[in-house]
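Chemist: Prediction below, plus the sequence it came from.
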Amino acid sequence: MKARWLTDKYISLMLLVFPLWTGTEGYAAITRGKFLFFAVLSALYLALLLPCALLVGEKPRRARLPQWFALAFMAAACLSAALSPYGRAVILGASRYDGLLTLLLYGGIFLGVSAFGEWKKYYVYLLAASASICSLVAIPQLLGGNPFGLYPGELTYFDANVRYTGEFLGTIGNTNLLAAFYCLCIPLFIWHALTHRALRDRLVLAAAALCLGVLIASRVASGAVALAAAAVVLMPYYVNYTSHSRKKALIAAGCMAALCLAALAAVYAYGGNSGTLHELSQLLHGHVEDSYGSSRVAIWRECLRLFGESPVTGGGPDTLVLRTDMTFSRFVEETGSTISTHVDNAHCEPLGYLVNLGALGLIPYLALCAESLRRFFRGCAPAAGGALCCYYVQSLFGLGLCIVVPLVWIYMGLVCSGKELEKCKSARSPRTS
């Protein structure tokens, strides 16, 4: 068994099966189900990787800057856990299985994929299959159905925030996480269809349409903002990639910039009294309230306060829930009861690393993201790199849980693989004239 073969099969299972796995209890314990699948498969992959490489004499690609960033992130997570006052809670995490074990697996995935992985065309087909099935499950849910009994008892999607907290759809669960998953899918599918001519390659647009339809129906603003931001960045890149013309790319960039300015002007002049557009308009006018972004502003301020208490190493992996008393309550007229939610997530992935791991954890993570983008703009694995652009924007407002994040580290590993770097140096695509 070769390490490259093992890596390929691991990536294939994570793209095809992992998004569809919900565990045995549906939404009642979907985070635990996803975590167990990801942790067991990833631990098995990493445990077999080194023996496979040694037995057949396969050498990993030479360590480069991204690998050192990943190792620094893993070291920061270990140091934060060791210095945390919360003991064994940091191992699995105090609330969402985002503890030390998960973070070390993220880093291990990146090291393995970047050392032995290579972007392959059929990865798009595997992800298109899983994303399509996920969306086909979500569509009847949006109509009041409960396929596969994912909602407990007689609950449906329309009981969201009335009989239970949050909104859940598809095989991912939480709609914010579903939006994050779609951010990894939609740009990938569109890019693949635009840069390949075979009919089967164009058919992935159907998967993109399904994902986009469910995303629009779920009304997750962060996903829509991320897709819009990705379009602004990727359109000039696509023009440059296909035409090899810097002039045409600059014209496309100018058009997208003008479109952005027009959109900002329209939002600034928006006269509504509520909703996401109203909040964006108020932000442009310099007015900020804690309730904006579904109270994200209040949560972010609390996280920054907690960061000030331990700025270097943070409070420990996944310990935010143990460090704050912030709770939101809402009276539900339909049921006559009060729903309370205790804050256990920063609702901003980089901010979550900052408050849990401190500056020592955030800096190498951001450096790895930046290096992934740099390699993408050099032409390395453009399909995966474009999806990463979209995800990074969404992560500024997202939960960043093990339900989706393992796929992000796989994407980053593929973009930063030595094989892809060699292709970039030899082919230099996109080119400029």
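Modeler: Received the coordinates, thanks.
Chemist: So for the top helix by length along the chain, what gets flagged as buried?
Modeler: Longest helix in the chain, counting residues (DSSP state H): helix 30-55. For helix 30-55, the neighbour count (16 or more other CB atoms under 10 Å) marks 30-31, 33-35, 37-39, 41-42, 45-46, 49, 52-53 as buried. Yep, even glycine has a C-beta here, placed from its N, CA and C like the rest.
Chemist: what's the spacing between the helix or strand following it and its chain's center?
Modeler: Going down the chain from helix 30-55, the next helix or strand is helix 65-83, by DSSP states H and E. Centre-to-centre, helix 65-83 and its host chain are 20 Å apart (CA atoms, centre = their mean, to the nearest Å).
Chemist: Could you export helix 65-83 as PDB, keeping only the C-alpha atoms?
Modeler: In PDB, the C-alpha atoms belonging to helix 65-83 read as follows (Å, rounded to 0.1, in the frame of the first residue of the first chain):
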ATOM      1  CA  LEU A  65       6.700  27.000   4.600                       C
ATOM      2  CA  PRO A  66       3.100  25.900   4.800                       C
ATOM      3  CA  GLN A  67       4.100  22.700   6.600                       C
ATOM      4  CA  TRP A  68       6.000  24.800   9.200                       C
ATOM      5  CA  PHE A  69       2.900  27.000   9.700                       C
ATOM      6  CA  ALA A  70       0.800  23.900  10.300                       C
ATOM      7  CA  LEU A  71       3.300  22.500  12.800                       C
ATOM      8  CA  ALA A  72       3.400  25.900  14.600                       C
ATOM      9  CA  PHE A  73      -0.400  25.800  14.800                       C
ATOM     10  CA  MET A  74      -0.300  22.300  16.300                       C
ATOM     11  CA  ALA A  75       2.400  23.400  18.800                       C
ATOM     12  CA  ALA A  76       0.400  26.400  19.800                       C
ATOM     13  CA  ALA A  77      -2.700  24.200  20.400                       C
ATOM     14  CA  CYS A  78      -0.600  21.900  22.600                       C
ATOM     15  CA  LEU A  79       0.800  24.800  24.600                       C
ATOM     16  CA  SER A  80      -2.600  26.300  25.100                       C
ATOM     17  CA  ALA A  81      -4.000  23.000  26.300                       C
ATOM     18  CA  ALA A  82      -1.100  22.500  28.700                       C
ATOM     19  CA  LEU A  83      -1.500  25.900  30.200                       C
END
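Chemist: average pLDDT for that helix?
Modeler: Helix 65-83 comes out with an average pLDDT of 96.
Chemist: same thing with stretch 16-35?
Modeler: 96.
Chemist: What lies in contact with that stretch?
Modeler: 36-38, 41, 96-97, 102, 126-127, 129-131, 133-134, 148-152, 168, 171-173, 181, 401-403, 406-407 (CB atoms under 8 Å, 6 or more residues apart in numbering).
Chemist: try stretch 361-374
Modeler: 65-66, 69-70, 72-73, 76-77, 80, 110, 313-314, 350, 353-354, 385, 388-389, 392, 411-412, 415-416.
Chemist: And those, which of them are buried?
Modeler: If you count burial by 16+ other CB under 10 Å, the buried members of the contacts of stretch 361-374 come out as 66, 69-70, 72-73, 76-77, 80, 110, 313-314, 350, 353-354, 385, 388-389, 392, 411-412, 415-416.
Chemist: ok so, going back, please pick the buried ones from the contacts of stretch 16-35.
Modeler: Those of the contacts of stretch 16-35 that meet the buried threshold are 37-38, 41, 96-97, 102, 126-127, 129-131, 133-134, 150-151, 168, 171-173, 181, 401-403, 406-407, by 16+ other CB under 10 Å.
Chemist: follow-up on the earlier one: quick one: distance of the longest helix of the chain to the chain centre.
Modeler: For helix 30-55, the distance to the chain centre is 20 Å (CA atoms, centre = their mean).
Chemist: swap in stretch 379-394?
Modeler: Centre to centre, stretch against its chain (CA atoms, centre = their mean), the figure for stretch 379-394 is 11 Å.
Chemist: picking that back up, tell me which entries of the contacts of stretch 16-35 lie within helices.
Modeler: 36-38, 41, 102, 126-127, 129-131, 133-134, 181, 406-407.
Chemist: of those residues, closest to Arg330?
Modeler: Phe181 (27.0 Å; CB to CB).
Chemist: Contacts only, for the closest one.
Modeler: Residues counted as contacts of Phe181 (CB under 8 Å, 6+ apart) are 19, 131, 134, 172, 403-404, 407.
Chemist: Taking the residues you listed, tell me the two that lie furthest apart.
Modeler: Farthest pair in these (CB to CB) is Ala131 and Ile403. Separation: 14.1 Å.
Chemist: Report the separation between the residue located most distally from the centre of the chain and Val204.
Modeler: Distance from the centre of the chain peaks at Gly336, with 36.2 Å (CA atoms, centre = their mean). Using CB to CB, to the nearest Å, one gets 48 Å for the distance from Gly336 to Val204.
Chemist: Regarding the closest residue to Ala43 other than its chain neighbours, which helix or strand does it belong to?
Modeler: Of all residues not flanking Ala43 in the chain, Leu105 sits nearest, at 6.9 Å (CB to CB, 6 or more residues apart in numbering). In this structure, Leu105 sits in helix 100-116 according to DSSP H and E.
Chemist: Could I get the pLDDT score of Glu420?
Modeler: Value for Glu420, per-residue pLDDT: 58.
Chemist: ugh, typo on my part, it should be Leu205
Modeler: At Leu205, the model reports a pLDDT of 95.
Chemist: Pull the number of nearby residues for it.
Modeler: 15 (other CB atoms under 10 Å).
Chemist: quick one: contacts for it?
Modeler: With contacts defined as CB under 8 Å, 6+ apart, the neighbours of Leu205 are 189-190, 193.
Chemist: quick one on the thing from earlier: ok, of the buried residues of helix 30-55, which one's closest to Leu396?
Modeler: Thr31 (21.4 Å).
Chemist: Would you check how far apart the nearest residue to Cys211 once chain neighbours are set aside and Ala298 are?
Modeler: Of all residues not flanking Cys211 in the chain, Tyr182 sits nearest, at 4.6 Å (CB to CB, 6+ apart). With the distance defined as CB to CB, Tyr182 ends up 27 Å from Ala298.
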